[in-house]
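Chemist: 3D model of this:
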Amino acid sequence: MAYDAIEQLEKDMLVIYDRNFCSYKMFALPLWAEQEIKFVIRGKENQNMIREFIAGGKQTAIVYLSPISTAIKALKENGFIITKQTLLKVRLVRVDLEKTVEVLVTNLWEEEGHPDSEFKALYFLRWRVETNISIQKNILQMEAFSGLNVESVEQDFYATVFMTNLHSVLIKDAQTSVDINAITRKYLMKVNRNKSFGKLKVSLVALFNDNNVESILKILHSHFIRDILPVRKNRSYERVTKNKQSKSKHRTFSNFKPAY
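Modeler: Predicted structure coming up:
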């Protein structure tokens with residue numbers, strides 16, 4: 001899906017990918033597009049070029065990558081005939097975190113005005129997108145479908161997306177109030193998404209059926225500004241893989257969602 005999506009990207013876009021997209025083909029397709037697409041991709045720690053770059057201690061470096069046989073075969077499917085001598089020029093940038101080191105692979109060149117210092121904040125921009133997907137999968141349990149036919153799956157999917165978007169709209173005003181009241185606090189504060197989803201879920205139908213919508217919104221607002229969490233920046237945690245066979249935090253096989 002990511003490969004196919006590259007054809008839909010526009011030339012002024014920047015795409016940001018996590019470590020699972022770090023491959024020769026993922027670098028090549030944006031570079032060889034009719035209009036080159038800029039990208040930032042986190043490197044995998046077990047890749048040779050990443051290990052060698054970290055060991056070298058440099059902050060940034062230009063490297064030239066040669067394809068392995070699987071990359072040659074994969075790119076042939078996209079109409080590119082290459083050999084092991086077809087080199088790709090990419091830039092590696094080191095990002096030091098509190099407990100680990102990240103290496104980003106990019107075609108944002110230093111001579112184009114992209115210093116090393118901007119990449120930590122740049123890569124972090126994808127975090128809200130990733131956490132939003134996590135909310136839909138883990139808090140709202142999107143994968144717990146009420147039926148197994150196409151209509152049921154689509155109905156549950158769009159209902160979950162709709163609720164997520166509505167929630168974002170409703171907590172925006174509450175977040176403004178939280179920001180004002182948190183001026184004297186040690187940390188910035190944010191609305192507790194888990195609890196606020198629970199409050200919204202029990203009031204969702206009433207928002208569209210009740211004649212007194214304003215009072216419902218005021219009640220929700222009061223709940224949102226009361227259930228808040230501190231925002232602690234620059235925290236990082238070591239990734240612990242408990243079960244290498246599982247790629248998902250939750251596996252839901254029942255056809256019902258939990259009550260809040």
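Chemist: for this structure, which helix is longest?
Modeler: helix 150-181 (DSSP state H).
Chemist: elements contacting that helix?
Modeler: Other helices and strands packing on helix 150-181, by 3 or more CB pairs under 8 Å, 6 or more residues apart in numbering; DSSP states H and E, are strand 188-191, helix 193-209, helix 213-226. All C-beta spots, glycine's among them, are computed from the backbone N, C-alpha and C.
Chemist: Flag the shaky bits of this structure, pLDDT-wise.
Modeler: Counting by pLDDT under 70, the chain contains low-confidence ranges at 234-260.
Chemist: Next, the contact list for the residue nearest to the spatial centre of it, please.
Modeler: In the chain, the centroid-proximal residue (CA atoms, centre = their mean) is E130; its distance is 2.6 Å. If you count contacts by CB atoms under 8 Å, 6 or more residues apart in numbering, E130 has them with D18.
Chemist: Secondary structure element holding it?
Modeler: Using DSSP states H and E, E130 maps to helix 127-134.
Chemist: got the buried residues for that helix?
Modeler: For helix 127-134, burial by neighbour count (16 or more other CB atoms under 10 Å) applies to no residue.
Chemist: next one: it to chain centre, how far?
Modeler: 5 Å (CA atoms, centre = their mean, to the nearest Å).
Chemist: How many residues are close by V101?
Modeler: By the criterion of other CB atoms under 10 Å, V101 has 12 neighbours.
Chemist: now the nearest residue to it once chain neighbours are set aside, what's its secondary structure?
Modeler: The shortest distance from V101 to any residue other than its chain neighbours is 5.8 Å, reached at I54 (CB to CB, 6 or more residues apart in numbering). For I54, the assignment made with DSSP: H, G, I helix; E, B strand; the rest coil gives helix.
Chemist: I figured I54 hits T100, correct?
Modeler: No: taking contacts as CB atoms under 8 Å, I54 lies outside contact range of T100: 10.4 Å.
Chemist: More neighbours: those two, which one.
Modeler: Remark: of I54 and T100, I54 carries more neighbours, 16 against 12, as counted by other CB under 10 Å.
Chemist: That one and Y187, how far apart?
Modeler: 32 Å (CB to CB, to the nearest Å).
Chemist: re earlier: gap between the longest helix of the chain and the chain center?
Modeler: Going by CA atoms, centre = their mean, where helix 150-181 is centred and where its chain is centred differ by 17 Å.
Chemist: Please identify the buried residues of it?
Modeler: 156, 160, 163-164, 167, 170-171, 174-175, 178.
Chemist: Helix 127-134 and that one, what's the angle between them?
Modeler: With axes from the mean of the first three to the mean of the last three CA atoms, to 10 degrees applied, the angle from helix 150-181 to helix 127-134 works out at 130 degrees.
Chemist: returning to what we had before: now the helices and strands packed on helix 150-181 in JSON lines, with mean neighbour count and distance to L148?
Modeler: JSON lines is the format used below for the helices and strands packed on helix 150-181 (neighbours: other CB atoms under 10 Å; distance: least, CB to CB, whole Å):
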{"stretch": "strand 188-191", "mean neighbour count": "18", "distance to L148": "35"}
{"stretch": "helix 193-209", "mean neighbour count": "15", "distance to L148": "23"}
{"stretch": "helix 213-226", "mean neighbour count": "15", "distance to L148": "33"}
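Chemist: Reformat those as CSV; add distance to A5.
Modeler: Formatted as CSV, the helices and strands packed on helix 150-181 follow (distance: least, CB to CB, whole Å):
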stretch, distance to A5
strand 188-191, 31
helix 193-209, 27
helix 213-226, 34
